[in-house]
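J.: quick one: sequence plus predicted model below, questions after.
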Amino acid sequence: MTQVIVLPNKRAVTLGQYAKAWRLVIAVPREQLLAGWDYFETEAWRILLQMRDGLQDRINLRGGSRPREITERRLFAKRDAAVRRGALRFECKWCGAEVVATRYLQWQDRFCDSGCRKDYFS
């Protein structure tokens, strides 16, 4: 599938054409008027500014052209992955010892052993 970028004048160009245009805009003087970017001729520095803004937006989408839908299942999978890599840690609610977990633990399951659980709820 060929990826395209839609310009402000609603024209779609391939990534290769966009890269060539980027090089052209950098090479010309800042005040030179260029056609083909918008519905009217635009100064090169304004086009470069809009191209940089578009690149930043693309980066903020984390490399995708479309943001993925945020589902509960996907968030739970991300949370469990964070636990496995050690970004989320749990401690026993009763004695404070670290609880080793391979998945997210609900608050009622955060005990190091059954003795602590029994003492906490009694």
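T.: Thanks, I have the structure now. As the structure is a prediction and not an experimental result, all values here were calculated from the model.
J.: what ranges do the strands span in the chain?
T.: 4-6, 12-14, 33-34, 42-43, 90-91, 98-99 (DSSP state E).
J.: quick one: residues in contact with the third one.
T.: By Cβ atoms under 8 Å, 6 or more residues apart in numbering, the list of residues contacting strand 33-34 from outside reads 24, 25, 28, 41, 42, 43, 44, 47. Using the backbone N, CA and C atoms, a C-beta is placed for each residue, glycine as well.
J.: same thing with the first one?
T.: In this structure, residues lying in contact with strand 4-6 by Cβ under 8 Å, 6+ apart are 12, 13, 14, 15, 18, 54.
J.: and if we set it to 7 Å?
T.: 12, 13, 14, 15, 18 (Cβ atoms under 7 Å, 6 or more residues apart in numbering).
J.: find the nearest non-adjacent residue to the second one, please.
T.: Read that as residue 13. Closest residue to residue 13 apart from its sequence neighbours, by Cβ to Cβ, 6 or more residues apart in numbering: residue 5 at 5.8 Å.
J.: the fourth one too?
T.: Of all residues not flanking residue 15 in the chain, residue 3 sits nearest, at 5.5 Å (Cβ to Cβ, 6+ apart).
J.: is it true that residue 22 touches residue 51?
T.: Yes: Residue 22 is within contact range of residue 51, at 6.0 Å (criterion: Cβ atoms under 7 Å).
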